[in-house]
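*Asks:* The following comprises the amino acid sequence and a computationally predicted model.
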Amino acid sequence: MAIVLGLPKGSLQESTFALFKRAGFNVSCSSRSYIPTIDDEEIKCRLLRPQEMSRYVELGLLDAGICGFDWVYENGSDVQEICELNYSKATSNPVRWVLAVPNDSKIKTVKDLEGKRISTEAMGLVKRYLKQHGVKADVEFSWGATEVKAPELVDAIVDLTETGSSLRANNLRIVDTILTSTTRFIANKKSWKDKRKRAKLEQLKMLLTGALEAQRRVLLKCNAPEKSLKKVTEILPALHAPTVNKLNGEGWYAIESVVEEREVRNLIPRLTSAGATGIIELPLNKIIF
């Protein structure tokens, strides 16, 4: 028994392969192939554009797949959501579908789109958005390079952004955010009901989410004399509580704790002031709650 798993081709491909690596799976694919190899005999991978992933999962041509919630919504796919995976091309932040116009455009709100021309890759999303606001406009499909089409070819665009840098570079300003999306791990509903396939998918979920949890945390280790132990352990945050072990030699203890990486730069000076020595910061691969 093997599950057929769809992996996203394009902007998410590199970060997805890296996530699987941290989760313990080696995935590789040549530049011309759409069938990646993975070092797990129970998984067969297929490389597909995220835009069509949810349709193939819904049809049962894939047991499961990874794609953005935006494309599940765009396609109206009836699939089982296994979990949210908080990662994207550049950051761990959600991506946004935004309505954008040239900086000098008179369009200030969605109502100003009446009778205007809009370019987008997400036709269904935009048409639903306009309908919700009672606006009639001409929506045309964009085959790419959407940012460069305004103002010469269209009045506005609806495009995906993570940091907004590409929009700013093309002298565009955001009028409204239409949809916020994160990456999702989805499954075919029939496959999800299969006990063996579900067990494998839940194993994947545990390892992938564990790898993501570990990505933003580190293991902080230090030593402290008995007189400083209380102060040091009070400073250290932990998943539950810091681990404390007595060292060989009278009056010294080893302390370790899993902490948010962004807190380390503030923690280390405080730990030093409290009497901690031999402070070590170590990266983590997975955290399983």
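*Replies:* Sure thing, it's come through.
*Asks:* Spell out the residue ranges of the strands in the stretch 101-250 of the chain.
*Replies:* 117-120, 138-141, 156-161, 172-181, 183-187, 217-225, 243-246 (DSSP state E, counting those that start in this stretch).
*Asks:* how about a markdown table for those strands, with mean neighbour count added?
*Replies:* From N, CA and C alone the C-beta is placed, and that goes for glycine too. A markdown table is the format used below for these (neighbours: other C-beta atoms under 10 Å):
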| stretch | mean neighbour count |
| --- | --- |
| strand 117-120 | 22 |
| strand 138-141 | 14 |
| strand 156-161 | 24 |
| strand 172-181 | 18 |
| strand 183-187 | 24 |
| strand 217-225 | 20 |
| strand 243-246 | 12 |
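*Asks:* Out of those, which is closest to Tyr56?
*Replies:* Minimum separation from Tyr56 across these (C-beta to C-beta) falls at strand 183-187, 10.5 Å.
*Asks:* Name the residues of stretch 188-206 that are buried.
*Replies:* Within stretch 188-206, the residues scored as buried using 16 or more other C-beta atoms under 10 Å are Asn188, Ser191, Trp192, Asp194, Lys197, Arg198, Lys200, Leu201, Leu204, Lys205.
*Asks:* Tabulate these (CSV), appending distance to Val98.
*Replies:* Formatted as CSV, the buried residues of stretch 188-206 follow (distance: C-beta to C-beta, whole Å):
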residue, distance to Val98
Asn188, 31
Ser191, 34
Trp192, 33
Asp194, 39
Lys197, 37
Arg198, 37
Lys200, 37
Leu201, 33
Leu204, 32
Lys205, 30
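*Asks:* can I get those in CSV with distance to Thr182 and pLDDT?
*Replies:* Below are these laid out as CSV (distance: C-beta to C-beta, whole Å; pLDDT from 0 to 100):
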residue, distance to Thr182, pLDDT
Asn188, 20, 98
Ser191, 22, 97
Trp192, 20, 98
Asp194, 26, 97
Lys197, 24, 97
Arg198, 22, 97
Lys200, 23, 97
Leu201, 18, 98
Leu204, 17, 97
Lys205, 15, 97
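*Asks:* now, among these, which is nearest to Phe17?
*Replies:* Closest approach between those and Phe17, by C-beta to C-beta: Leu204, at 14.4 Å.
*Asks:* separation between that closest one and Ile43?
*Replies:* 8 Å (C-beta to C-beta, to the nearest Å).
*Asks:* Common neighbours of those two, please.
*Replies:* Counting by C-beta atoms under 8 Å, 6 or more residues apart in numbering, the common neighbours of Leu204 and Ile43 are Leu5.
*Asks:* All the helices of the stretch 51-200 of the chain, residue numbers only.
*Replies:* All helices of the stretch 51-200 of the chain, identified by DSSP state H, counting those that start in this stretch, fall at 69-75, 123-132, 165-169, 189-193, 195-215.
*Asks:* Format the ones you listed as CSV; extra columns: distance to Pro102.
*Replies:* Formatted as CSV, the helices of the stretch 51-200 of the chain follow (distance: least, C-beta to C-beta, whole Å):
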stretch, distance to Pro102
helix 69-75, 24
helix 123-132, 18
helix 165-169, 10
helix 189-193, 44
helix 195-215, 37
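*Asks:* Ser228: which of those is closest?
*Replies:* Across these, closest to Ser228 is helix 195-215 (C-beta to C-beta), at 28.8 Å.
*Asks:* hang on, the earlier thing: the helices of the stretch 51-200 of the chain: lowest mean pLDDT?
*Replies:* Set side by side, the helices of the stretch 51-200 of the chain differ in mean pLDDT, and helix 165-169 is lowest with a mean of 90.
*Asks:* What are the buried residues along that one?
*Replies:* Leu167.
*Asks:* Equivalent analysis for stretch 222-236, please.
*Replies:* So, applying 16+ other C-beta under 10 Å, buried residues of stretch 222-236: Cys222, Asn223, Ala224, Ser228, Leu229, Val232, Thr233, Ile235, Leu236.
*Asks:* Let me see the contact set for the residue nearest to the fourth one when sequence neighbours are not counted.
*Replies:* Pointing back at Ser228 there. What sits nearest to Ser228 in space, not counting adjacent residues and going by C-beta to C-beta, 6 or more residues apart in numbering, is Gly275, at 2.9 Å. By C-beta under 8 Å, 6+ apart, the contact set of Gly275 is Ala224, Pro225, Lys227, Ser228, Lys231, Val232.
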